[in-house]
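Asker: I need the structure of the sequence given here:
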Amino acid sequence: MSKLLQRLCDPKRSGVYRASDARAIMDVTTGSGLDVVAIDASEKPLQKLASALAFPEWFGGNWDALADSLGDLSWRKGDGHVLVFTGYAEDKDVLIDVLRVSAEYWAGRGKPFFAVLIDPARKLALPELYREA
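Answerer: Predicted structure coming up:
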């Protein structure tokens, strides 16, 4: 098992990270049992998340409802959840806060939850998910 996959399977390391490229994450998680979803949330982030994660009809379409939905995910299968954001709105602070709270929630329950924002320019003030060769 690669170091990256080991990290993504470790609930204690759950959190919000950045990476330069989604390809390595998608490649290493293939067949892993993790629920991995790529999301372009550059426009209408709540709607894009709801669609990508197949939120139930009760999803309220606001930030509180997003937090509630990410804290459930009972309709999603997998040993853990990895959300790979290939795009995100300029005003992403609320999204990052909700993702951090969700990661803490899942880590406390022993299930991995990672949100990875793809940031090739390395401008986001987030920790790197992994060191690239």
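Asker: so, low pLDDT: which residues of this structure?
Answerer: Scanning the chain for pLDDT under 70 picks out the ranges 1, 132-133.
Asker: isn't residue 87 up against residue 42?
Answerer: Yes. When contacts are counted by Cβ atoms under 8 Å, residue 87 is listed as touching residue 42 (3.5 Å). For the C-beta atoms, the positions are set from N, CA and C on the backbone; glycine is no exception.
Asker: identify the contacts common to these two.
Answerer: When contacts are counted by Cβ atoms under 8 Å, 6 or more residues apart in numbering, residue 87 and residue 42 have no shared neighbour.
Asker: how about the helices of this structure, start to end?
Answerer: Using DSSP state H, the helices of the chain run over 3-8, 23-29, 45-52, 63-70, 93-108.
Asker: between the ones you listed, which one is closest to residue 120.
Answerer: Ranking the helices of the chain by their distance to residue 120 (criterion: Cβ to Cβ) puts helix 23-29 first, at 11.5 Å.
Asker: and the closest one, what's buried?
Answerer: Taking 16 or more other Cβ atoms under 10 Å as the basis for neighbour counts, the residues of helix 23-29 that come out buried are 24-25, 28-29.
Asker: with stretch 43-59 instead?
Answerer: Buried residues in stretch 43-59, defined by neighbour count with 16+ other Cβ under 10 Å: 45-46, 48-50, 53, 55, 59.
Asker: coming back round to it: can you put the buried residues of helix 23-29 in a markdown table and add distance to residue 115?
Answerer: Listed next are those as a markdown table, based on distance: Cβ to Cβ, whole Å:
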| residue | distance to residue 115 |
| --- | --- |
| 24 | 16 |
| 25 | 11 |
| 28 | 16 |
| 29 | 14 |
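Asker: residues in contact with the residue nearest to residue 130 when sequence neighbours are not counted?
Answerer: Closest residue to residue 130 apart from its sequence neighbours, by Cβ to Cβ, 6 or more residues apart in numbering: residue 4 at 4.9 Å. Residues near residue 4 by Cβ under 8 Å, 6+ apart: 24-25, 28, 129-130.
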